[in-house]
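Student: sequence unavailable; structure follows:
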């Protein structure tokens, strides 16, 4: 832990040498990026809502495959389902533009040779999130519903409400989508010199523990097999992050510049 803190302090000190902005300038820039992001999110929401029936079909499909109907207990549940799915769909549509706003906010604190990562960063972030969401939708969600409803609840009559199922659906899809962003987190930690590949491999056992704890928290099923479906992809992504850290760490880039 002390080694990690020292690395973070060194990275902050190194960044302090860059031309900086005042606190008010940072706040003004942050406000500007948030406003732009909200505008893009609203545009994405409107576009997604135009196709809300198709989005509903996408959400309903895992239950249709198992012949389980959705029920509602409040007159606004149907509308809430359309609004929630449209908001999530709109956020995914707007994500490239929102991520670009994030990049514009953090780029003044980066060196010129580091800014070339903007396109790989945005592409990898979107692709990893979609990969995690698709993995959850294609395998984890149907498997969890089958185990929880058709096996554990086989002696009972299932009544799944729109509100409960929507929350369950979004927890699985968004949870795995976010978990798949692990290489991006490692990318930034390595880019700023806080961690490197050797550090990540040395503390691998702690990473395994943390990954399984996170998997246990976000996994909707109590079965160990279901938890492993969450944890194993994150372990694979951790090793991808180790490779990313090896290539983007400042010490390696400095060595390449000296030999060039």
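Tutor: Sure thing, it's come through. Please read all numbers here as calculations on a predicted model, not as lab measurements. Residues are numbered from 1 along each chain as shown.

Student: what helix or strand is residue 206 on?
Tutor: When elements are defined using DSSP states H and E, residue 206 is found to belong to helix 204-218.

Student: buried stuff in that helix?
Tutor: 207, 211, 212, 214, 215, 218 (16 or more other CB atoms under 10 Å). Where you see a C-beta, it was placed from the backbone N, CA and C, and this is true even at glycine.

Student: could you dump those residues to CSV with pLDDT and distance to residue 56?
Tutor: Formatted as CSV, these follow (pLDDT from 0 to 100; distance: CB to CB, whole Å):
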residue, pLDDT, distance to residue 56
207, 90, 38
211, 88, 33
212, 88, 34
214, 83, 30
215, 81, 29
218, 73, 24
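
Student: ok so, going back, helix or strand right after the helix holding residue 206?
Tutor: Heading C-terminal from helix 204-218 (DSSP H and E), you reach helix 224-248.

Student: show the pLDDT at residue 1.
Tutor: The score at residue 1 is 52. That number is its pLDDT.

Student: and residue 155, by the same measure?
Tutor: 84.

Student: and for residue 122, the neighbour number?
Tutor: Using other CB atoms under 10 Å, the number of residues around residue 122 comes to 17.

Student: name the element the spatially closest residue to it that is not a sequence neighbour belongs to?
Tutor: Leaving aside its chain neighbours, residue 122 sits nearest to residue 99 (5.1 Å; criterion: CB to CB, 6 or more residues apart in numbering). In the assignment (DSSP H and E), residue 99 maps to helix 77-106.

Student: and whichever helix or strand comes after that helix, what does it pack against?
Tutor: Moving toward the C-terminus from helix 77-106, the next helix or strand (DSSP H and E) is helix 118-135. Helix 118-135 is packed against helix 77-106, helix 162-179, helix 182-191, helix 224-248, with contacts defined by 3 or more CB pairs under 8 Å, 6 or more residues apart in numbering; DSSP states H and E.

Student: distance between helix 118-135 and the chain's centre?
Tutor: Its chain's average C-alpha position is 8 Å from that of helix 118-135, according to CA atoms, centre = their mean, to the nearest Å.

Student: contact partners for the residue nearest the centre of the chain?
Tutor: In the chain, the centroid-proximal residue (CA atoms, centre = their mean) is residue 178; its distance is 2.0 Å. For residue 178, the contacting residues are 129, 132, by CB atoms under 8 Å, 6 or more residues apart in numbering.

Student: now the stretch 101-250 of the chain, which segments are flagged as low pLDDT?
Tutor: Applying pLDDT under 70 to the stretch 101-250 of the chain picks out residues 109-115, 220-223, 250.

Student: please repeat the previous calculation with a cut-off of 50.
Tutor: Counting by pLDDT under 50, not a single residue of the stretch 101-250 of the chain qualifies.

Student: what's the spacing between residue 158 and residue 66?
Tutor: 10 Å (CB to CB, to the nearest Å).

Student: same thing with residue 227?
Tutor: 21 Å.

Student: who has more neighbours, these two?
Tutor: Set side by side, residue 227 and residue 66 show more neighbours around residue 227, with 18 against 12, by other CB under 10 Å.

Student: for that one, which non-adjacent residue is spatially closest?
Tutor: Spatial nearest neighbour of residue 227, chain neighbours left out: residue 219 (4.6 Å); criterion: CB to CB, 6+ apart.

Student: and if you look at residue 125?
Tutor: In space, and not counting its chain neighbours, residue 125 is closest to residue 184: 5.3 Å by CB to CB, 6+ apart.
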